[in-house]
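Enquirer: Have a look; sequence and predicted model below, questions after that.
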Amino acid sequence: MKKQMKRIAIFGTHGSAKTTLVYKLATFYKMNDKNVTVIHETARQSPFPINTDVVYQTTLFVVASQLQKELQAEAQGFEIAISDRAPSDAFIYLNHLKRGNSLTRSLEAFCFEWLRQYNVLVYLEPTEGYSITEDGTRAVDTDYQLDIRNDFRAQVAKMQQKYDNKLNIITAESHQIFDENKCIKLIDQINRSINEQVRDFHMV
């Protein structure tokens, strides 16, 4: 019988070193002979506007694309899938601008249920004092960045409240990713916790 694929999602606001951690974690598992794949952030491939110009179609595209990639990875027999963002991230940007509708609200509820599929959720924040690198895609308005960070904090609290603190969420900051020793400790923590699940919590 094929083993169930382990899912890890790295999520959080702009410039919190999510992608860097995703690749470091994938390298760790590859070096330990694990069959691992990376689910790349889908917003950058969206044909619809993102950031402060986001529309509800953007959210639908981003969520549908990520779910498709995760399901493909599962069907292909990967042991571990590491996602650069969780599907629920997409609603942070949409709801902040109050551009959602009944369709996106229904999908948001589904994505909150989907959070239970992840064995580990790693929430990252940018370390205070670290400037966000401009890459032509990230929003550069600092007030907007702070607002989104606060929205993520509220969402994490909502996630924990909804699931009575049973979601396996690890919280870290970007400086830990760029400090070799701290990053090694974080990766070890993620690896150790990947099998720590509440009995019958994840859907089978």
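Expert: Thanks, I have it. Residues are numbered from 1 along each chain as shown.
Enquirer: need the strands for the chain, in chain order.
Expert: Here the chain has its strands, by DSSP state E, at 6-12, 36-39, 80-84, 120-125, 169-173.
Enquirer: As CSV, those strands with mean pLDDT and mean neighbour count would be great.
Expert: Glycine gets a C-beta too; all of them are placed from N, C-alpha and C. Formatted as CSV, the strands of the chain follow (pLDDT from 0 to 100; neighbours: other Cβ atoms under 10 Å):
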stretch, mean pLDDT, mean neighbour count
strand 6-12, 97, 25
strand 36-39, 98, 21
strand 80-84, 98, 24
strand 120-125, 97, 22
strand 169-173, 97, 17
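Enquirer: Which one of these lies nearest to Arg149?
Expert: Nearest of the strands of the chain to Arg149, taken as Cβ to Cβ: strand 120-125 at 6.4 Å.
Enquirer: picking that back up, can you check which of the strands of the chain gets nearest to Ser65?
Expert: Among those, the nearest to Ser65 by Cβ to Cβ is strand 36-39 (9.5 Å).
Enquirer: Which other helices and strands does that closest one contact?
Expert: On a contact count with 3 or more Cβ pairs under 8 Å, 6 or more residues apart in numbering; DSSP states H and E, strand 36-39 meets helix 18-31, helix 56-75, strand 80-84.
Enquirer: Could you tell me which residues within the first one count as buried?
Expert: So the one you mean is helix 18-31. Buried residues in helix 18-31, defined by neighbour count with 16 or more other Cβ atoms under 10 Å: 18, 21-22, 24-26, 28-29.
Enquirer: pLDDT of that helix, averaged?
Expert: In this model, helix 18-31 carries a mean pLDDT of 97.
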